[in-house]
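Novice: Return atomic coordinates for the entry below.
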Amino acid sequence: MHFGRRLQAFRLWFNPKRRRWAGLTLIAMAVAAMFLNPGSRWGLLLGAGIYWFVTSLPPFIGGRR
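Specialist: Next comes the predicted model:
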């Protein structure tokens with residue numbers, strides 16, 4: 001039960017605003033690292049950053065609901 005409470009607290013803390021900034025940070029780190037070390041697997045970090053950023057956006061952007 002202790003794990004469930006900690007997970008719920010993390011979900012409340014990791015709100016869309018923090019998820020958006022974390023996603024942008026991961027994207028920036030991956031792009032910078034790709035230039036410094038292009039032979040590595042920075043695409044995985046880039047993919048995680050894009051996923052976090054896209055999931056933090058509101059469901060309806062500029063359209064009708």
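Novice: Just the pLDDT at residue 11, thanks.
Specialist: pLDDT, residue 11: 88.
Novice: just the one 10 residues further on next, same as before
Specialist: The predicted structure scores residue 21 at 94 on the pLDDT scale.
Novice: show me where the chain has helices.
Specialist: Taking DSSP state H to define them, one finds helices in the chain at 2-13, 16-36, 42-56.
Novice: Let me have those helices in JSON lines, adding mean neighbour count as columns.
Specialist: For glycine as for every other residue, the C-beta is placed from the backbone atoms N, C-alpha and C. As requested, the helices of the chain are exported to JSON lines (neighbours: other Cβ atoms under 10 Å):
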{"stretch": "helix 2-13", "mean neighbour count": "9"}
{"stretch": "helix 16-36", "mean neighbour count": "14"}
{"stretch": "helix 42-56", "mean neighbour count": "15"}
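Novice: Could you find the closest non-adjacent residue to residue 25?
Specialist: Closest residue in space to residue 25, ignoring its immediate chain neighbours: residue 49 at 7.3 Å, by Cβ to Cβ, 6 or more residues apart in numbering.
Novice: Hmm, residue 20 and the one you found touching each other?
Specialist: No: Residue 49 lies out of contact with residue 20 (Cβ atoms under 8 Å); the separation is 10.5 Å.
Novice: If I look at the residue most central in space within the chain, what pLDDT would I see?
Specialist: Relative to the mean C-alpha position of the chain, the nearest C-alpha, by Cα atoms, centre = their mean, is the one of residue 52, at 2.5 Å. What the model reports as pLDDT for residue 52 is 92.
Novice: Could you check how far it is from residue 11?
Specialist: Distance of residue 52 to residue 11, computed by Cβ to Cβ, to the nearest Å: 14 Å.
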